[in-house]
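Engineer: Attaching a predicted model along with its sequence, questions to come.
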Amino acid sequence: MKTNRRYAFVLPLLLLTGLLAWGQDSSHGSNTAFATDSSSRELPTEQSAYRIHSAYMVGGGGSITRDTYLSPLRYGGWTLNLLGEKTFPLKASDSRWMIRTGHELDFALMDNPANNAHFYSLLYNGSAAALYRLGAKHLRAAWMDNLRLAFGPGLEIGLGGIYSTRNGNNPATLKLYTNAIAQASIGYYVPSETFPLYFRLLSQINLFGIAYGNGFGESYYENFLLNNGIAGSLHFTYPGKFTRFTTLITADIPIRNFCTLRVGYRYSHLGSSLNALDTRIHSHTAFIGFVTEFYRFRGRKAMNTGRRTSLYYHD
């Protein structure tokens, strides 16, 4: 429980930073509503193209899992991960709203302390969030011109399981959940004609949701067919009873004019206490991948569209 609370402090801190910056932005609304700066003039033009920012990554690292349905012991080992994210602007009058979708697929092979039993874990998580990009140019501090802040709500779904080679009757456990989430990100763009860089910290935590959890020693045959079925094992969840927290730290590095490389680190925590059964899954992953950003438009839009800006790299 202390671990959950400690990691859960990161996201509220990012949200508080965003709200304070948003408040400063709003306080200048009367002065900037009719301003004719370059960012205000570009808003209608940016809407004429459909910008899509994508990243695809592969990673590896370590994972520690404890699932009392399968064993009271902690299992540890290595993990392989596939991560993908896509961001595009919301089709509305305010182009500062954007939709970010994320997909995570984690496979792990772990051993018990005696190295005579194994856990095989396969977990998928998909999320979608509506993020509001704050206008850094409207803030008072000059050093914040290259700061990129965004936050907003979203939804996530998770599906997967853990298989134990030691158990005979009940060798596997099912992980199934859906949550309302909050996301916040803070990034910094280092402008340079020859070697621009972009650094980002993104955190996500669940707010409330529904998760599946059966009882100790209860087989899935009993749960699905003899008892109340899967609906009878669904639980209303909130942080503490079910906590899923992730943090991404990334750096986008250009490779000449060939591509943009993304390297980074991810910490992921999933913990639950359902039907007196505890689950704790911690993973640390280093990853590498590529970033793409393109514009989808046709006909007259293609001929009349001027220079575009990035959803992340530019304000």
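Structural biologist: Yep, that arrived. Predicted, not measured: the structure shown is a model, and the values here were computed from it. Numbering: from 1, shown residues only.

Engineer: Give me the buried stretch members for the host helix or strand of residue 53, please.
Structural biologist: Taking DSSP states H and E as the criterion, residue 53 maps to strand 50-67. Buried residues in strand 50-67, counting neighbours by 16 or more other Cβ atoms under 10 Å, are found at 51, 53, 54, 55, 57, 59, 61, 63, 64, 65, 66, 67. C-beta coordinates here come from the backbone N, C-alpha and C atoms, glycine included.

Engineer: ok, those vs residue 281, which is closest?
Structural biologist: residue 65 (4.9 Å; Cβ to Cβ).

Engineer: Next up, the contacts around the closest one.
Structural biologist: 74, 75, 76, 108, 110, 119, 121, 162, 279, 280, 281, 282 (Cβ atoms under 8 Å, 6 or more residues apart in numbering).

Engineer: Just the pLDDT for the second one.
Structural biologist: Going back to what we said before, that points to residue 75. With respect to pLDDT, residue 75 scores 98.

Engineer: Stretch 112-126: which residues count as buried?
Structural biologist: Neighbour-count burial for stretch 112-126, counted by 16+ other Cβ under 10 Å, picks out 112, 117, 119, 120, 121, 123, 125, 126.

Engineer: Now render the residues you listed as JSON lines, adding pLDDT and secondary structure.
Structural biologist: Below are the buried residues of stretch 112-126 laid out as JSON lines (pLDDT from 0 to 100; DSSP: H, G, I helix; E, B strand; the rest coil):
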{"residue": "112", "pLDDT": "95", "secondary structure": "coil"}
{"residue": "117", "pLDDT": "94", "secondary structure": "coil"}
{"residue": "119", "pLDDT": "97", "secondary structure": "strand"}
{"residue": "120", "pLDDT": "98", "secondary structure": "strand"}
{"residue": "121", "pLDDT": "98", "secondary structure": "strand"}
{"residue": "123", "pLDDT": "98", "secondary structure": "strand"}
{"residue": "125", "pLDDT": "98", "secondary structure": "strand"}
{"residue": "126", "pLDDT": "98", "secondary structure": "strand"}
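
Engineer: and of those, the nearest to residue 243?
Structural biologist: The shortest approach to residue 243 among these belongs to residue 125, at 13.5 Å (Cβ to Cβ).

Engineer: which residue ranges form the helices in this structure?
Structural biologist: Taking DSSP state H to define them, one finds helices in the chain at 2-8, 10-27, 29-32, 38-46, 220-221, 299-304.

Engineer: if we can go back for a sec, can you tell me which of the contacts of residue 65 has the largest number of neighbours?
Structural biologist: Of all those, the highest neighbour tally under other Cβ atoms under 10 Å goes to residue 119, namely 27 neighbours.

Engineer: For residue 156, see how far away that residue is.
Structural biologist: Computed as Cβ to Cβ, to the nearest Å, the residue 119 to residue 156 distance reads 23 Å.

Engineer: now swap in residue 255 and tell me
Structural biologist: 32 Å.

Engineer: Compare the two (neighbour count), which wins?
Structural biologist: A count of neighbours by other Cβ under 10 Å puts residue 156 above the other of residue 255 and residue 156, at 22 against 9.
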